[in-house]
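1. structure for this input, please:
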Amino acid sequence: MSAGKVLLGVLAGVAAGAVLGILFAPAKGSKTRRKISKKGEKMAEDLKEKFSDFVEDISEKFEDVKEKASDFAEQVKTKPAETKKT
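-> So this is what the prediction gives:
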């Protein structure tokens, strides 16, 4: 199971728990809706931040792999030239 799926599952569980907790708490409907809205906005912000971090991490890893592949390709190009000289 990938880390992304685990993170998504945890976030969905937290969101469902928060919504159910607010819905069953004794408060006026307008207050409950306001609480749900605020929680939803905060969770959306947190999710955006985590997604941004995830994309940044993947981008860094991609650049690293790309650099290693480029270095490897350069080594392969120079090997035949070295072999011909000897």
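2. and the average pLDDT for the lengthiest helix in the chain is what?
-> Among the segments of the chain that qualify as a helix by DSSP state H, the longest is helix 29-85. Mean pLDDT, computed over helix 29-85, is 84.
3. what of stretch 4-23?
-> Mean predicted lDDT for stretch 4-23 stands at 80.
4. what comes up buried for it?
-> 18-19, 22 (16 or more other Cβ atoms under 10 Å). Glycine gets a C-beta too; all of them are placed from N, C-alpha and C.
5. so what's the gap between that stretch and the chain middle?
-> 16 Å (Cα atoms, centre = their mean, to the nearest Å).
6. mind saving the C-alpha coords of it as CSV?
-> Taking Å, rounded to 0.1, in the frame of the first residue of the first chain, the C-alpha atoms of stretch 4-23 are listed here in CSV:
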residue,chain,number,x,y,z
GLY,A,4,-0.3,8.4,-0.6
LYS,A,5,-3.2,6.0,-0.2
VAL,A,6,-2.6,5.7,3.6
LEU,A,7,-2.5,9.5,3.9
LEU,A,8,-5.7,9.8,1.9
GLY,A,9,-7.4,7.2,4.1
VAL,A,10,-6.3,8.9,7.3
LEU,A,11,-7.4,12.3,6.1
ALA,A,12,-10.8,10.9,5.1
GLY,A,13,-11.2,9.2,8.5
VAL,A,14,-10.3,12.4,10.3
ALA,A,15,-12.8,14.4,8.2
ALA,A,16,-15.6,11.9,8.7
GLY,A,17,-14.9,11.8,12.5
ALA,A,18,-14.9,15.6,12.7
VAL,A,19,-18.1,16.0,10.8
LEU,A,20,-19.9,13.3,12.8
GLY,A,21,-18.7,14.8,16.1
ILE,A,22,-20.0,18.2,15.1
LEU,A,23,-23.3,16.9,13.9
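7. please consider this matter closed, and thank you.
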